[in-house]
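[1] Below are the sequence and a predicted model for it; my questions follow.
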Amino acid sequence: MVMTLKCQRCTQYFQALRVDAKWCSSCRDIRAKERYEKYELHSKEPCPKCGKSMTRRSNLCISCENKTRSEKYKGENNPNWKNGWTRSEGYIYKRVKPTGEKGHPYYAEHRIVWEEKYGKLPDGYIVHHLNGNKSDNRLENLQARPRKEHSPKSIVEPYQKRIRELEDQLKGLTK
């Protein structure tokens, strides 16, 4: 139902579908523009750090705010902090370098365990997980091997031989 109402801004009569309409279409557009300029546009004060314009109700411009936030939430202050531990592709990594030092801050836990017991790993060697579980970093599950010998064939063959022996033993027990 169309009603005729009086605009509260320009006092002219206009047609509206709602009873609670207060402004005609032209006054409504003017009011929306005024509100936008008042609440959404930049404030008149410059950023105290760099001098760029700021948005209303902010203390810094957007770029300075982002830089401050990234510094504020580094390392242990980050809400996603997991006490310096992370996982990637099944391996567990531990943070060994503090924030700000050069180089990668994380080091593989299986290498840390190996090097605590036997010293620095020689060049060309890698630490292999014997049971294939990359997150099982017990010392008895780790073995240092030359990279050349770390192929699926050289790793799997001895275990396949042992599995066949155990299967033969099981067949003997069940007979």
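    Looks like it arrived, so ask away.

[2] switch to C-alpha atoms for all contacts and neighbour counts from now on
    Fine.

[3] Who are the packing partners of the lengthiest helix in the chain?
    Longest helix of the chain, by residue count under DSSP state H: helix 152-174. Here helix 152-174 touches no other helix or strand, going by 3 or more C-alpha pairs under 8 Å, 6 or more residues apart in numbering; DSSP states H and E.

[4] any idea how far Glu157 is from Glu149?
    Using C-alpha to C-alpha, to the nearest Å, Glu149 is found at 12 Å from Glu157.

[5] what do you get for Pro46?
    Distance, Pro46 to Glu157, by C-alpha to C-alpha: 71 Å.

[6] quick one, which of the two is more surrounded?
    Set side by side, Pro46 and Glu157 show more neighbours around Pro46, with 16 against 11, by other C-alpha atoms under 10 Å.

[7] Would you mind measuring from the closest residue to the more buried one other than its chain neighbours to Arg164?
    Leaving out its chain neighbours, the residue that sits closest to Pro46 by C-alpha to C-alpha, 6 or more residues apart in numbering is Ser53, at 4.8 Å. For Ser53, the distance to Arg164 (C-alpha to C-alpha) stands at 75 Å.

[8] More neighbours: which of those two?
    Counted by other C-alpha under 10 Å, Ser53 and Arg164 do not tie: Ser53 has more neighbours, with 17 against 11.

[9] Domains in this structure, by residue range?
    The chain resolves into domains spanning 1-40, 42-72, 85-168 when parsed by automatic domain parsing.
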